[in-house]
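Student: here is my input; please provide its structure:
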Amino acid sequence: MSRSKLWDKAYELGLKPSPLIHMPMLARLFKRERARRILDLGCGEGQHMLYLAKRGFEVYGVDLSSTAIERAKDLLKKNGVKARVIRCDAFKGIPFKSNFFNAIISFRTVNHGRKKEIERLFREANRVLIDNGMLFITIRKLPRHARKFVKFTDEEHYVPIGGKEKGIIHFKFTKEKLRKMLAHTGFRVNKLWVDEYGYYCLLALKDKKLKILGETPE
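Tutor: Predicted structure coming up:
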(Lines give C-alpha, C1' and ligand atoms only; values in the text may rest on other atoms or scores of the structure.)
Protein backbone atom coordinates (compact mmCIF):
# COMPACT_ATOMS: atom_id res chain seq x y z
CA MET A 1 0.00 0.00 0.00
CA SER A 2 1.35 3.45 -0.91
CA ARG A 3 2.27 5.93 1.81
CA SER A 4 -0.61 8.22 0.84
CA LYS A 5 -3.10 5.34 1.12
CA LEU A 6 -1.67 4.36 4.50
CA TRP A 7 -2.29 7.90 5.74
CA ASP A 8 -5.79 7.97 4.27
CA LYS A 9 -6.50 4.76 6.16
CA ALA A 10 -5.09 6.21 9.38
CA TYR A 11 -7.44 9.20 9.17
CA GLU A 12 -10.40 7.00 8.28
CA LEU A 13 -9.64 4.90 11.37
CA GLY A 14 -9.83 8.03 13.53
CA LEU A 15 -6.25 9.30 13.81
CA LYS A 16 -6.38 12.04 16.42
CA PRO A 17 -5.03 15.52 15.57
CA SER A 18 -1.98 16.82 17.40
CA PRO A 19 -2.98 18.90 20.44
CA LEU A 20 -2.95 22.70 20.28
CA ILE A 21 -0.83 23.14 23.40
CA HIS A 22 2.00 24.92 21.55
CA MET A 23 -0.18 27.26 19.51
CA PRO A 24 -0.59 30.15 22.01
CA MET A 25 3.20 30.37 22.38
CA LEU A 26 3.71 30.20 18.61
CA ALA A 27 1.06 32.84 17.87
CA ARG A 28 2.69 35.21 20.35
CA LEU A 29 6.14 34.51 18.88
CA PHE A 30 4.99 35.02 15.30
CA LYS A 31 3.26 38.30 16.15
CA ARG A 32 6.28 39.58 18.04
CA GLU A 33 8.59 38.71 15.14
CA ARG A 34 6.09 39.96 12.53
CA ALA A 35 5.96 36.54 10.89
CA ARG A 36 2.90 36.96 8.69
CA ARG A 37 3.00 34.05 6.23
CA ILE A 38 3.01 30.57 7.80
CA LEU A 39 3.21 27.06 6.31
CA ASP A 40 1.76 24.07 8.18
CA LEU A 41 3.82 21.14 6.92
CA GLY A 42 1.73 17.99 7.32
CA CYS A 43 -1.37 20.02 8.16
CA GLY A 44 -3.65 17.03 8.74
CA GLU A 45 -7.27 18.06 9.26
CA GLY A 46 -6.37 21.73 9.61
CA GLN A 47 -6.78 22.50 13.33
CA HIS A 48 -3.46 24.36 13.59
CA MET A 49 -4.15 26.27 10.38
CA LEU A 50 -7.53 27.33 11.74
CA TYR A 51 -5.99 28.56 14.99
CA LEU A 52 -3.56 30.83 13.14
CA ALA A 53 -5.99 31.97 10.44
CA LYS A 54 -8.46 33.12 13.10
CA ARG A 55 -5.71 35.32 14.51
CA GLY A 56 -4.98 37.07 11.25
CA PHE A 57 -2.06 35.10 9.86
CA GLU A 58 -1.76 34.20 6.17
CA VAL A 59 -1.76 30.40 6.40
CA TYR A 60 -0.91 27.64 3.95
CA GLY A 61 -0.99 23.88 4.48
CA VAL A 62 0.28 20.78 2.73
CA ASP A 63 -0.42 17.12 3.43
CA LEU A 64 -0.03 13.80 1.64
CA SER A 65 -3.45 12.43 2.63
CA SER A 66 -6.41 13.26 0.39
CA THR A 67 -8.73 12.47 3.30
CA ALA A 68 -6.95 14.94 5.58
CA ILE A 69 -6.88 17.64 2.90
CA GLU A 70 -10.63 17.43 2.28
CA ARG A 71 -11.33 17.55 6.01
CA ALA A 72 -9.04 20.57 6.41
CA LYS A 73 -10.83 22.41 3.59
CA ASP A 74 -14.20 21.63 5.16
CA LEU A 75 -13.05 22.83 8.59
CA LEU A 76 -11.69 26.11 7.24
CA LYS A 77 -14.79 26.74 5.14
CA LYS A 78 -17.12 25.94 8.04
CA ASN A 79 -15.31 28.51 10.18
CA GLY A 80 -15.29 31.16 7.47
CA VAL A 81 -11.52 31.58 7.21
CA LYS A 82 -9.31 31.57 4.14
CA ALA A 83 -6.22 29.42 3.79
CA ARG A 84 -4.61 27.58 0.91
CA VAL A 85 -4.42 23.80 1.29
CA ILE A 86 -2.48 21.60 -1.15
CA ARG A 87 -2.09 17.83 -1.38
CA CYS A 88 1.54 16.92 -2.02
CA ASP A 89 4.36 14.67 -0.86
CA ALA A 90 6.55 17.21 0.89
CA PHE A 91 9.36 14.64 1.11
CA LYS A 92 9.69 15.08 -2.67
CA GLY A 93 9.37 18.85 -2.65
CA ILE A 94 7.45 21.78 -1.18
CA PRO A 95 5.43 23.45 -3.98
CA PHE A 96 6.20 27.09 -3.20
CA LYS A 97 8.81 29.54 -4.42
CA SER A 98 12.00 30.25 -2.51
CA ASN A 99 12.02 32.73 0.39
CA PHE A 100 8.20 32.68 0.57
CA PHE A 101 7.39 31.92 4.21
CA ASN A 102 8.21 33.69 7.45
CA ALA A 103 7.72 30.50 9.46
CA ILE A 104 6.98 26.79 9.13
CA ILE A 105 5.21 24.64 11.71
CA SER A 106 5.07 20.85 11.57
CA PHE A 107 3.45 18.63 14.19
CA ARG A 108 4.31 14.92 14.47
CA THR A 109 5.11 14.70 10.76
CA VAL A 110 8.80 15.01 9.96
CA ASN A 111 9.82 11.62 11.37
CA HIS A 112 7.45 9.75 9.01
CA GLY A 113 10.06 9.11 6.34
CA ARG A 114 13.47 7.69 5.65
CA LYS A 115 16.61 9.57 6.61
CA LYS A 116 17.41 10.82 3.11
CA GLU A 117 13.81 11.92 2.59
CA ILE A 118 13.84 13.89 5.85
CA GLU A 119 17.11 15.57 4.91
CA ARG A 120 15.58 16.56 1.57
CA LEU A 121 12.52 17.88 3.40
CA PHE A 122 14.64 20.08 5.68
CA ARG A 123 16.57 21.43 2.67
CA GLU A 124 13.23 22.27 1.04
CA ALA A 125 12.02 23.93 4.24
CA ASN A 126 15.19 26.01 4.24
CA ARG A 127 14.63 27.00 0.62
CA VAL A 128 11.06 28.29 1.08
CA LEU A 129 11.84 30.22 4.30
CA ILE A 130 13.11 33.78 4.32
CA ASP A 131 16.50 34.44 5.94
CA ASN A 132 16.13 33.96 9.71
CA GLY A 133 12.73 32.36 9.09
CA MET A 134 11.47 30.16 11.91
CA LEU A 135 10.95 26.40 11.92
CA PHE A 136 8.95 24.78 14.74
CA ILE A 137 8.52 21.00 14.73
CA THR A 138 7.41 18.25 17.08
CA ILE A 139 8.76 14.74 16.55
CA ARG A 140 7.98 11.42 18.16
CA LYS A 141 10.44 10.30 20.83
CA LEU A 142 10.38 6.51 20.93
CA PRO A 143 10.57 5.45 24.59
CA ARG A 144 12.14 2.12 25.45
CA HIS A 145 8.87 0.61 26.70
CA ALA A 146 7.19 1.30 23.31
CA ARG A 147 9.73 -0.64 21.28
CA LYS A 148 7.80 -3.88 21.69
CA PHE A 149 5.03 -2.33 19.56
CA VAL A 150 7.26 -1.62 16.55
CA LYS A 151 9.42 -3.52 14.10
CA PHE A 152 12.82 -2.10 13.21
CA THR A 153 13.76 -2.36 9.52
CA ASP A 154 17.32 -1.24 10.32
CA GLU A 155 19.07 0.64 13.14
CA GLU A 156 17.36 3.95 12.35
CA HIS A 157 13.94 3.08 10.90
CA TYR A 158 10.91 1.24 12.26
CA VAL A 159 7.24 0.64 11.54
CA PRO A 160 4.43 0.23 14.10
CA ILE A 161 3.00 -3.30 14.05
CA GLY A 162 -0.46 -2.15 15.13
CA GLY A 163 -2.57 0.94 15.66
CA LYS A 164 -3.61 3.65 13.24
CA GLU A 165 -0.06 4.21 11.93
CA LYS A 166 0.54 0.53 11.27
CA GLY A 167 2.98 0.02 8.40
CA ILE A 168 4.07 3.67 8.15
CA ILE A 169 7.84 4.14 8.18
CA HIS A 170 9.29 6.15 11.08
CA PHE A 171 12.80 7.51 11.59
CA LYS A 172 14.18 7.07 15.11
CA PHE A 173 15.36 10.52 16.11
CA THR A 174 17.53 11.43 19.07
CA LYS A 175 18.32 14.99 20.15
CA GLU A 176 21.82 14.64 18.72
CA LYS A 177 20.58 13.33 15.35
CA LEU A 178 18.05 16.13 15.17
CA ARG A 179 20.63 18.82 15.90
CA LYS A 180 23.09 17.40 13.36
CA MET A 181 20.52 17.04 10.61
CA LEU A 182 19.26 20.60 11.02
CA ALA A 183 22.75 22.10 11.13
CA HIS A 184 23.59 20.13 7.98
CA THR A 185 20.55 21.57 6.19
CA GLY A 186 21.11 25.22 7.10
CA PHE A 187 19.30 25.67 10.43
CA ARG A 188 20.49 27.01 13.76
CA VAL A 189 18.70 25.36 16.68
CA ASN A 190 17.35 27.91 19.13
CA LYS A 191 15.62 25.58 21.61
CA LEU A 192 15.04 21.84 21.92
CA TRP A 193 12.92 20.19 24.62
CA VAL A 194 10.48 17.33 25.33
CA ASP A 195 6.83 18.25 25.85
CA GLU A 196 4.27 16.75 28.24
CA TYR A 197 3.28 14.18 25.59
CA GLY A 198 6.85 12.91 25.27
CA TYR A 199 7.57 14.52 21.89
CA TYR A 200 10.71 16.39 20.92
CA CYS A 201 9.90 20.06 20.28
CA LEU A 202 12.34 22.20 18.37
CA LEU A 203 12.54 25.84 17.38
CA ALA A 204 15.19 26.69 14.78
CA LEU A 205 16.10 29.58 12.49
CA LYS A 206 17.23 29.51 8.89
CA ASP A 207 20.87 30.59 9.01
CA LYS A 208 22.28 31.72 5.67
CA LYS A 209 25.79 31.52 7.14
CA LEU A 210 25.48 27.73 7.40
CA LYS A 211 26.41 25.80 4.29
CA ILE A 212 23.79 23.29 3.15
CA LEU A 213 25.49 19.94 2.67
CA GLY A 214 24.54 16.48 1.47
CA GLU A 215 23.81 13.46 3.63
CA THR A 216 24.21 13.95 7.35
CA PRO A 217 27.21 12.01 8.69
CA GLU A 218 26.65 9.43 11.40
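Student: can you pull out the strands in the chain?
Tutor: Under the criterion DSSP state E, the chain carries strands at the ranges 37-41, 58-63, 84-87, 101-107, 129-140, 150-152, 157-160, 170-171, 187-194, 199-206.
Student: can I get the ones you listed in CSV with mean neighbour count and distance to Gly93?
Tutor: Glycine gets a C-beta too; all of them are placed from N, C-alpha and C. Listed next are the strands of the chain as CSV, based on neighbours: other C-beta atoms under 10 Å; distance: least, C-beta to C-beta, whole Å:
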stretch, mean neighbour count, distance to Gly93
strand 37-41, 24, 12
strand 58-63, 24, 10
strand 84-87, 16, 11
strand 101-107, 24, 14
strand 129-140, 21, 15
strand 150-152, 14, 28
strand 157-160, 17, 21
strand 170-171, 21, 19
strand 187-194, 14, 18
strand 199-206, 21, 17
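Student: out of those, flag the one nearest Ile69.
Tutor: Proximity to Ile69 (C-beta to C-beta) singles out strand 84-87 among the strands of the chain, at 4.6 Å.
Student: for stretch 74-89, give the mean pLDDT please.
Tutor: The pLDDT scores in stretch 74-89 average 96.
Student: leaving out chain neighbours, which residue sits closest to Cys43?
Tutor: Excluding the flanking residues, the one nearest Cys43 by C-beta to C-beta, 6 or more residues apart in numbering is Gly61, at 3.1 Å.
Student: right, and that neighbour touches Arg87 too?
Tutor: No: applying C-beta atoms under 8 Å as the test, Gly61 and Arg87 come out as separate, 9.9 Å apart.
Student: for the closest residue to Glu45 other than its chain neighbours, list the residues it contacts.
Tutor: Residue nearest to Glu45 in three dimensions, not counting chain neighbours: Arg71, with 4.3 Å by C-beta to C-beta, 6+ apart. Contact partners of Arg71, counting by C-beta atoms under 8 Å, 6 or more residues apart in numbering, are Tyr11, Glu45, Gly46.
Student: most neighbours, which of those?
Tutor: Gly46 (28 neighbours; other C-beta atoms under 10 Å).
Student: how near is the residue nearest to Glu45 to Ala53?
Tutor: 15 Å (C-beta to C-beta, to the nearest Å).
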